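**Q** My questions are about this predicted structure, shown below with the sequence.
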Amino acid sequence: MEEESEQKKKSVPVLPWMRSPVDVSLFDECPLELLPFLDPRLEVALQNMGITSFFPVQVAVWQETIGPGSFERDLCVNSPTGSGKTLAYALPIVQMLSTRAVKCLRALVVLPTRDLALQVKEVFAAIAPAVGLSVGLAVGQSSIADEISELVKRPKLEAGICYDPEEFSLDFQSCVDILVATPGRLMDHINTTKGFTLEHLCYLVVDETDRLLREAYQSWLPTVLQLTLSSDESLFSPASTSLPSTFGSLKTIRRFGVERGFKGKSYPRLVKMVLSATLTQDPSKLVQLDLHHPLFLTTGQSRYQLPEHLKSFKLICESKLKSPIKEYSGLQRQSIRSKTLRAFRAGEIQVLVSSDAMTRGMDVEGTGRCFTLLRRDEVTRFKKLLKKADNNSCPIHSVPSDSVESLRVTYTSALEKLKESVESETYRKRKINSKSSSMGKGKELNNSKGISSYLLAGILADHEFNFAVYRSYANEH
Ligand SMILES: Nc1ncnc2c1ncn2[C@@H]1O[C@H](COP(=O)(O)OP(=O)(O)OP(=O)(O)O)[C@@H](O)[C@H]1O
């Protein structure tokens, strides 16, 4: 069986450009002041972020973009989680756009989840304003109307004038130079937002590529590629033949005077940067990206890697302790999730019980220990997953029954308090909003039962249990 999967792995053909990669691990860290051509305004912004030197992947990408490579080839970056990929693409893009004269949407960064997009937007927001660039977010965090008003400036209409709809649409103006988006919301804007256009796009970043390629998300990739092709190219594009029928109504009008480009030169090619910690080698997947002479930058390490200081344990428990963990992520609002994450990052919360919403790519500095709670029947599958990830460092974390017993008193009283607080909160909300009465008593009890499981999981996982996460959960539901 093992041999079979090994054989299968070997039989996947590797694209020719993957056979001669640039080894990122051969690059040294580079102090901030020694990075060639770095705009002094960006240097200050980076210092303000507390960055004093660049990580190897950042130096390697800089060399291929701002350095001698000068963005001539598309880049495919395979580098472990936490190695600094975000800044590796954000910095060259911001530096390249820093000389732009007219504001229009020139860089698009696509990520699979809202949490990851928020994190990437923060990095851009820390450097882009230093050179007068604006960054937008299209992730469905706010209403579509609010998002539209942040992305596109509508022309002012004067009373009594009859406007030609064709000309009128040309007067829309982008409010952002760089957009960080999730595919769903991006497609909403492409399909429905007047004045939202990708016709001036110079840079397309596909972060967490594997995940984005696995799921089609309303054909976002062929749509984006098609909308960024020049009219000549589009006639011959494979993307143009694979679009959904609704796409027929979409077209771009290339405006004169604001061509894609920089430093006054026309630069019609859309530069693509695709990144992952576990980049697929499957040609049939990679071909969808339609890469231009791609350069493959990789650390050459095993495909899956845990962050350096993160220790991982598995903890086998009963199923009733596990199931509500799923519920935790599914029910929480984004604002609450972000608040919780901030508190966790700041060390105000020591234990976070999460579903896979706390996915790869979510950064927590000085990461400590990660416990995966498994039912017995999940152990074999988990082992297989670890094996696929070349990970053999996940020992069993056993909890002696007497240590659980000694926590029972604390647990029981904590649970009682929490139950009271959930009930009084629900009662208060029901009074304020008659709508909430439809939730009914059953839901209330379910929640407190769910929370009890979190509590127990927290206590089992670490004795330094902190209430804050669970209180915020309780207040929300
Ligand atoms: N040059 C640097 N100096 C100090 N810290 C940095 C530097 N570059 C990035 N970081 C920090 O390192 C952490 C990881 O960076 P980043 O999120 O870009 O990693 P990544 O490679 O994209 O990982 P993932 O695949 O998990 O998204 C972040 O907290 C970021 O602020």
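**A** Perfect, thanks for sending it. Numbers count the residues shown, from 1 in each chain.
**Q** hey, let's count contacts and neighbours off CA atoms from now on
**A** Will do.
**Q** where's residue 120 relative to the ligand, distance?
**A** In this view, residue 120 and the ligand are 8 Å apart by CA to the nearest ligand atom, to the nearest Å.
**Q** Could I get the contacting residues of the closest residue to the ligand within the stretch 101-250 of the chain?
**A** The nearest approach of the stretch 101-250 of the chain to the ligand comes at residue 208, 7.1 Å away (CA to the nearest ligand atom). Counting by CA atoms under 8 Å, 6 or more residues apart in numbering, residue 208 touches 111, 112, 274, 275, 276, 277.
**Q** Sort out for me which of those are in strands.
**A** 274, 275, 276 (DSSP state E).
**Q** what's the closest of those residues to the ligand?
**A** residue 276 (6.3 Å).
**Q** Correct me if wrong: the closest one contacts residue 212.
**A** No: applying CA atoms under 8 Å, one finds residue 276 not in contact with residue 212, separated by 10.1 Å.
**Q** which of those two has more neighbours?
**A** residue 276 (22 against 19; other CA atoms under 10 Å).
**Q** give me the number of residues near the residue lying closest to residue 174 once chain neighbours are set aside?
**A** Using CA to CA, 6 or more residues apart in numbering and skipping residues adjacent in sequence, the residue nearest residue 174 is residue 152, 4.6 Å away. Using other CA under 10 Å, residue 152 has 20 other residues around it.
**Q** for residue 152, phi and psi?
**A** Residue 152 adopts backbone torsions of phi -130, psi 130, taken as degrees, to the nearest 10.
**Q** My guess is it contacts residue 179. True?
**A** No: with contacts defined as CA under 8 Å, residue 152 does not count as touching residue 179, sitting 11.6 Å away.
**Q** Flag the shaky bits of the stretch 351-477 of the chain, pLDDT-wise.
**A** 355-361, 433-477 (pLDDT under 70).
**Q** my bad, should have said the stretch 201-350 of the chain
**A** 230-268, 300-309, 319-332.
**Q** residues from it in reach of the ligand?
**A** Residues of the stretch 201-350 of the chain found near the ligand (CA under 6 Å from any ligand atom) are residue 277.
**Q** By proximity to the ligand, which residue of the stretch 201-350 of the chain wins?
**A** Taking CA to the nearest ligand atom, the stretch 201-350 of the chain has residue 277 as its residue nearest the ligand, at 5.3 Å.
**Q** Next, the nearest residue in space to residue 131 that is not next to it in sequence: phi, psi?
**A** Nearest non-adjacent residue to residue 131, counting by CA to CA, 6+ apart: residue 98, 5.5 Å away. The phi and psi values for residue 98, taken as degrees, to the nearest 10, are phi -60, psi -20.
**Q** and the closest residue to residue 55 other than its chain neighbours, what does it touch?
**A** Excluding the flanking residues, the one nearest residue 55 by CA to CA, 6+ apart is residue 29, at 4.9 Å. Each residue near residue 29 by CA under 8 Å, 6+ apart is listed here: 53, 54, 55, 56, 59.
**Q** For the first one, list each beta-bridge partner.
**A** Beta-bridge pairing for residue 53 (DSSP bridges): residue 31.
**Q** List the contacts of it.
**A** Residue 53 neighbours (CA under 8 Å, 6+ apart): 29, 30, 31, 32.
**Q** how close does it sit to residue 37?
**A** As judged by CA to CA, to the nearest Å, residue 53 and residue 37 stand 15 Å apart.
**Q** for the stretch 1-150 of the chain, what spans make up the strands?
**A** 22-23, 30-31, 53-54, 75-78, 107-110, 135-138 (DSSP state E, counting those that start in this stretch).
**Q** which one of those strands has the most crowded surroundings?
**A** strand 75-78 (a mean of 27; mean count of other CA atoms under 10 Å).
**Q** Which other helices and strands does that strand contact?
**A** strand 271-276, strand 295-298 (3 or more CA pairs under 8 Å, 6 or more residues apart in numbering; DSSP states H and E).
**Q** residues making contact with it?
**A** 272-279, 294-299.
**Q** Where is the longest helix in this protein?
**A** helix 401-432 (DSSP state H).
**Q** Output stretch 30-42 as CSV, nothing but the C-alphas.
**A** In CSV, the C-alpha atoms belonging to stretch 30-42 read as follows (Å, rounded to 0.1, in the frame of the first residue of the first chain):
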residue,chain,number,x,y,z
CYS,A,30,19.8,40.8,4.7
PRO,A,31,19.8,43.9,7.0
LEU,A,32,17.2,46.5,6.1
GLU,A,33,19.7,49.1,5.2
LEU,A,34,21.5,46.8,2.8
LEU,A,35,18.6,45.9,0.6
PRO,A,36,19.4,47.4,-2.8
PHE,A,37,17.0,50.0,-4.3
LEU,A,38,14.7,50.0,-1.3
ASP,A,39,12.6,53.3,-1.3
PRO,A,40,13.7,55.2,1.8
ARG,A,41,10.0,55.9,2.7
LEU,A,42,9.4,52.1,2.8
